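Novice: Sequence and computational prediction follow.
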Amino acid sequence: MTGYIILGVIALLLAVTAVRAAFFVPSKKDAVEKEVEKEEVDVARYCKNLSDAIKIKTVSNYDRKAVDWKEFEKFHAFLEERYPLIHKTLSKTEIGDASLIYKWEGSDPSLDGIALLGHQDVVPIADGTLGDWTYDPFEGFNDGEYIWGRGAMDMKNHLIAVMESVEQLIKDGYTPKRSVYICLGHNEEVVAAPDNGAKQIAEYFKEHGVHLESIIDEGGAILPVNVNGVLNCNLAGVGVAEKGSVNYEISVNAKGGHSSQPPKHTALGHLADVIKDLENHQFKAIMPKFVYELFTEIGKRCSYPARLVTCNIWLLKPIILAVMTKIPPAASLIRTCTAVTMASGSPQFNVLPQRASITVNFRTMPGVTRADVEEHIRKSVRNKNIDIKFLTGKDASAVSPTSSRSFKAIKELCESADSKNLVAPFLVMGATDAYNYEPVCENIYRFAPFVVDTKLLLCTHGTNERLPLSSAQGALTFFKRYIKLMTQD
Ligand SMILES: [Zn+2]
């Protein structure tokens, strides 16, 4: 009898999933491209200015004495020369070593302003790889299809697009009701910089009582996705949060001595068990609201058989999570990841280690604190004679809502520009400047409106970083429309 009941329940569930899948399609309104007013944008000037911006070697370094500050001075002079209307209309404040705040005063001072973030700095060219570049990384070469060079994707492309859009809006005679801030950090690429420019800008805002309505920074992009017969769209991932990254040292002590008379296990042997325990006991996978929304949005665009899964996430959650944990890039979206990255034992090959240590990098989900990580280590490792020491790191960001004006504006603008575009919330794996603005803003989105395929995204920070020119028009149009939509009331 119980067997029949179980079968009956399964049959019912299957029927429900099939019915949901059949009716789970985007509404007609969403699918139709809206007629929107064309925006005046100057792609040729953008390309020229981006090429020239790449020529200025604004390479950052953890050691500020090793930075060539003249390059940053050059970059500031370049912005002044190329964007005369911005420099006439907006106020400019220099912060810290080389960060900048531009403020376009809104006509209604009672409204919170919006901010567009960018970082002026780029990463250096890795030793021994200069010869691998097709064109010099600081030439900004434009071959008619791509603009090549360091910063072409991360993120002079974005910064120059913001400057272009504001310059053009002033030329068009537009006046914002809300203030528009352009905030340009100078050392985003330096991990844990003690003099972080973005942090100093955010502190300046806090001191001056500036609260921001919303922020757009780098993070996501618009990625063409084509899974044969299942999904064919441009996935615009908007980073609503970023993961944390905290590093711990875990050590085991043991008797030292000469390696000619070793015990059954040395300190390193005991540590091997610690590593295995950590790897075998991963953090529990969860499905945060934004991951659910990501799948739901994608699910709407999938073809029928695949839609059986994507539109029944509520029902299939345990199975989906179990499958995702087996695929590292998918697992990183749903749980705090553990990576044992460094190890050390004795300083000599014939000496038994008195103390052996590993370094573990945890990429934390929003909401997971350092106390949670420490508790997880203690629970997972059977050996209770370990020392746990926090080394460095930063916590995960807060999660920005998908119900804000800003998120809705991004969604509306992208999806109306091209019916293939699909906007969904996303979790950013790395750190951005935007994180520092949490004390002055709740609606922080990491999104670059450039259509770029995965192959090009992987060139970021690497050899042959380059921007496809085909993405320029869309990005310039997006920023102009976004600023207008967000600041006209
Ligand atoms: Zn960047």
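Specialist: Now that the structure is in, tell me what you want to look at. Residues are numbered from 1 along each chain as shown.
Novice: Contact partners for the residue in the stretch 351-489 of the chain that the ion sits nearest to?
Specialist: The ion sits closest to residue 432 of the stretch 351-489 of the chain, with a gap of 6.9 Å, by Cβ to the ion. Every C-beta, even on glycine, is put in place using the N, C-alpha and C of the backbone. With contact set as Cβ atoms under 8 Å, 6 or more residues apart in numbering, residue 432 has these partners: 117, 188, 217, 218, 219, 239, 242, 446.
Novice: gap between it and residue 407?
Specialist: In this structure, residue 432 and residue 407 are 16 Å apart, going by Cβ to Cβ, to the nearest Å.
Novice: Same check on residue 448?
Specialist: Counting by Cβ to Cβ, the gap from residue 448 to residue 407 is 15 Å.
Novice: More neighbours: which of the two?
Specialist: residue 448 (25 against 20; other Cβ atoms under 10 Å).
Novice: still on that earlier bit, just give me the closest of the contacts of residue 432 to residue 372.
Specialist: residue 242 (17.3 Å; Cβ to Cβ).
Novice: what about the residue in the stretch 201-350 of the chain that the ion sits nearest to, which SS state?
Specialist: Proximity of the stretch 201-350 of the chain to the ion (Cβ to the ion) peaks at residue 218, 4.8 Å away. Following DSSP: H, G, I helix; E, B strand; the rest coil, residue 218 is assigned to strand.
Novice: dump the residue contacts of it.
Specialist: 117, 118, 119, 154, 155, 158, 432, 446, 447, 448.
Novice: 7 Å - rerun?
Specialist: 154, 155, 158, 432, 446, 448 (Cβ atoms under 7 Å, 6 or more residues apart in numbering).
Novice: tell me which residues in stretch 294-314 are buried?
Specialist: 294-295, 297-302, 306-313 (16 or more other Cβ atoms under 10 Å).
Novice: Also stretch 47-61?
Specialist: Buried-residue list, stretch 47-61, by 16+ other Cβ under 10 Å: 47-51, 53-61.
Novice: Same question for stretch 444-461.
Specialist: By 16+ other Cβ under 10 Å, the buried positions in stretch 444-461 come out as 444, 445, 446, 447, 448, 449, 450, 451, 452, 456, 459, 460.
Novice: Quick check: the third one vs residue 310, distance?
Specialist: Distance, residue 446 to residue 310, using Cβ to Cβ: 24 Å.
Novice: One more: residue 140?
Specialist: 42 Å.
Novice: which residues are contacting stretch 193-206?
Specialist: 62, 64, 95-99, 101, 183, 185-188, 433, 436-437, 439-440.
Novice: cool, stretch 267-280 as well?
Specialist: With contact meaning Cβ under 7 Å, 6+ apart, stretch 267-280 is reached by 250, 252-254, 338, 340, 345, 353-356, 358, 360, 380-383, 386.
Novice: Now with 6 Å, please.
Specialist: Residues outside stretch 267-280 that contact it (Cβ atoms under 6 Å, 6 or more residues apart in numbering) are 252, 254, 338, 340, 345, 353, 356, 380, 381, 382, 383.
Novice: Make a markdown table from those and add secondary structure, distance to residue 476 and pLDDT to it.
Specialist: Putting these into a markdown table (DSSP: H, G, I helix; E, B strand; the rest coil; distance: Cβ to Cβ, whole Å; pLDDT from 0 to 100) gives the following:
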| residue | secondary structure | distance to residue 476 | pLDDT |
| --- | --- | --- | --- |
| 252 | strand | 57 | 97 |
| 254 | coil | 62 | 93 |
| 338 | strand | 42 | 97 |
| 340 | strand | 45 | 97 |
| 345 | coil | 56 | 96 |
| 353 | coil | 59 | 97 |
| 356 | strand | 55 | 97 |
| 380 | helix | 50 | 98 |
| 381 | coil | 53 | 98 |
| 382 | coil | 58 | 97 |
| 383 | coil | 58 | 96 |
